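**Student:** here is my input, please return the structure:
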Amino acid sequence: MFQSKFYNLIILQFVIILLIIKSNVNGDAISTQPTTTITTSKQCQRADKCALTLIPLTDEKFIEKPPRTSTDMREWCQRIVPMERCLKDYAQKCLNKQSRQTLSVLLFSISRTNKRYCTNKKRQKSFLNYVDCFHPQIHSIANVLRNMTTDFHAIPLVKEKTLRLPLTCCSYYKWKNIGVDKIIKSCPTNTAAHEEAENLLAGYTNDLLAIICGDYVEESDKCEGIIGKIPEWKRPLRWQNFILPLVTIFDSIDYDSISTP
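**Tutor:** Next comes the predicted model:
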């Protein structure tokens, strides 16, 4: 079991390096070199607002007025480009190397997924159909992501560090399924929208979760035995979006302490 976890972590580091190289080839790399720029706390805290805009159901403007036409989509797409730059700047100036690399993988996945919706007319049509489906329940579905974000704040408090990544996967599966169920109830016959909900979440997270989850796959019953170990989070959320808490989970793990028997 421990050997499998160690192997997965090694693979994760390899994938991070490959994605950073691919990102660099595309001109979107996040520097992993130490920076000499000194930033203020206020500048670093701006990252949360940037992260919120990148994910439709955490973006306040998107929630209040979701796009219903191609013109609306174009306006949203124009807003997210500067937010990607904002998070890259945050990664370079405010994070250590390990956290920068984790955020790099997430940003690569998020940027790629958003770009597909912004540039591919077929995917854009599927996305607008998805929006039409969940629009009546948009606040309820947005709450699902907030609940997952709350779990991600609490997971670094789990004393058994080897459980933190499995708990991250289990929490993701739990809230993803709750969200998809809400969408199915919102428009029971719109199977294309149900599939798009799965595609959207997978696009944002699969590059990272596919590696770290190991035996804790969605079809497994392993989560049933551990999901209750996520402690209740009783404080205000530091971050309002799941991106930065997910980076914090990785940062909370002492990789040097995980070894093969």
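
**Student:** going forward, measure contacts between C-alpha atoms and count neighbours the same way
**Tutor:** OK.

**Student:** and the helix or strand containing T113, what other elements does it pack with?
**Tutor:** Using DSSP states H and E, T113 sits within helix 97-119. Packed against helix 97-119 by the contact rule (3 or more CA pairs under 8 Å, 6 or more residues apart in numbering; DSSP states H and E) you find helix 2-25, helix 70-94, helix 121-134, helix 191-212, helix 243-251.

**Student:** tally of neighbours for the residue lying closest to L128 once chain neighbours are set aside?
**Tutor:** Ranked by CA to CA, 6 or more residues apart in numbering and with sequence neighbours excluded, the top spatial neighbour of L128 is R68, at 6.0 Å. Using other CA atoms under 10 Å, R68 has 16 other residues around it.

**Student:** likewise for R123?
**Tutor:** Neighbour tally, R123, other CA under 10 Å: 16.

**Student:** return the residues in contact with the residue nearest to it when sequence neighbours are not counted.
**Tutor:** Nearest non-adjacent residue to R123, counting by CA to CA, 6+ apart: Y117, 5.4 Å away. If you count contacts by CA atoms under 8 Å, 6 or more residues apart in numbering, Y117 has them with 123-124, 127.

**Student:** out of those, who's nearest C187?
**Tutor:** F127 (14.4 Å; CA to CA).

**Student:** report how many residues lie close to the closest one.
**Tutor:** F127: 23 neighbours (other CA under 10 Å).

**Student:** so how far is N120 from it?
**Tutor:** Remark: distance between F127 and N120 (CA to CA, to the nearest Å) = 10 Å.

**Student:** cool, T191 as well?
**Tutor:** 20 Å.

**Student:** the two: who's more crowded?
**Tutor:** Remark: of T191 and N120, T191 carries more neighbours, 14 against 10, as counted by other CA under 10 Å.

**Student:** so what's the more buried one closest to, chain neighbours aside?
**Tutor:** Using CA to CA, 6+ apart, the closest residue to T191 is I184 (7.9 Å).

**Student:** under a three-state scheme, what state does the one you found occupy?
**Tutor:** helix (DSSP: H, G, I helix; E, B strand; the rest coil).

**Student:** that one and E195 touch, don't they?
**Tutor:** No. Contact between I184 and E195 fails when scored by CA atoms under 8 Å: they sit 9.9 Å apart.

**Student:** who has more neighbours out of these two?
**Tutor:** Taking other CA under 10 Å, I184 and E195 do not tie; I184 has more neighbours (19 against 14).

**Student:** quick check, pLDDT for that one.
**Tutor:** pLDDT for I184: 95.

**Student:** with A154 instead?
**Tutor:** 98.

**Student:** show me what counts as buried in the helix or strand containing it.
**Tutor:** According to DSSP H and E, A154 maps onto helix 138-154. Residues of helix 138-154 classed as buried by neighbour count (16 or more other CA atoms under 10 Å): 138, 141-142, 144-146, 148-154.

**Student:** nearest to N177 among those?
**Tutor:** V144 (9.7 Å).

**Student:** isn't the closest one right up against D181?
**Tutor:** No. Here V144 lies out of contact with D181, judged by CA under 8 Å, at a distance of 10.9 Å.

**Student:** check the gap between the residue lying closest to A142 once chain neighbours are set aside and I63 for me.
**Tutor:** Closest residue to A142 apart from its sequence neighbours, by CA to CA, 6+ apart: L57 at 5.1 Å. When distance is defined by CA to CA, L57 is 6 Å away from I63.

**Student:** try L52
**Tutor:** Going from L52 to I63 by CA to CA gives 11 Å.

**Student:** more crowded one of these two?
**Tutor:** Neighbour comparison, L52 and I63: the larger count goes to L52, with 21 against 15 (by other CA under 10 Å).

**Student:** residues contacting that one?
**Tutor:** 58-60, 240-241.

**Student:** and which of those is nearest V105?
**Tutor:** Nearest to V105 among those, with distances taken as CA to CA, is N241, at 16.3 Å.

**Student:** could you look up the SS state of the closest one?
**Tutor:** N241 is classified as coil under three-state DSSP.
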